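[1] 3D, please:
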Amino acid sequence: MKHWPIVVVMMLAGSCAHMPSDTELKKASALRDSSRALIGEGNYREALRDLQVSAQLNPYVQEVHYLLGTVYFIGFRRHQESRKYLTEAIRLAVDRKDTYPEANNLLWSVLVVSGEIEAGIIELEKARA
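    Down below sits the predicted model:
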């Protein structure tokens, strides 16, 4: 039983979320920036690839999730995936005591196109606030 403090420390260390290194942060940022240009060109497949890697490197950037939601909605008409990423972008903003009206507005569009009018109206109201 005298080894239990070591076990507890090891368990806690293993459960900590990975914080991105400076190198990972820079690469994630560069990929996010390149994806914006790719989206502007209508190259959604390449933008999606860059954004997925960026989100893996640094999952804490709300704009990456917003852009993923945009690509899935506009580029691929995959509403469930779009909704998932837009919801995450909004959650990250709320965690920072902030709002993300652009994400709420796009989520409104996704919900309306998906036939969820009432849920869409709620998001539209959040975007307007």
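[2] now residue 54: which helix or strand?
    Assigned by DSSP states H and E, residue 54 belongs to helix 44-57.
[3] tell me the helix or strand right after that helix.
    Heading C-terminal from helix 44-57 (DSSP H and E), you reach helix 62-70.
[4] hmm, back to that, packing partners for the helix holding residue 54?
    helix 22-40, helix 62-70 (3 or more Cβ pairs under 8 Å, 6 or more residues apart in numbering; DSSP states H and E). No exception for glycine: its C-beta is placed from N, CA and C like everyone else's.
[5] residue 98: which of those is closest?
    Checking those against residue 98 by Cβ to Cβ gives helix 62-70 as the closest, at 8.4 Å.
[6] what lies in contact with the closest one?
    Outside helix 62-70, the residues that touch it by Cβ atoms under 8 Å, 6 or more residues apart in numbering are 28, 32, 35-36, 39, 47-48, 51-52, 54-55, 58, 81-86, 88-90, 92-93, 96, 100, 102-103, 106-107, 110.
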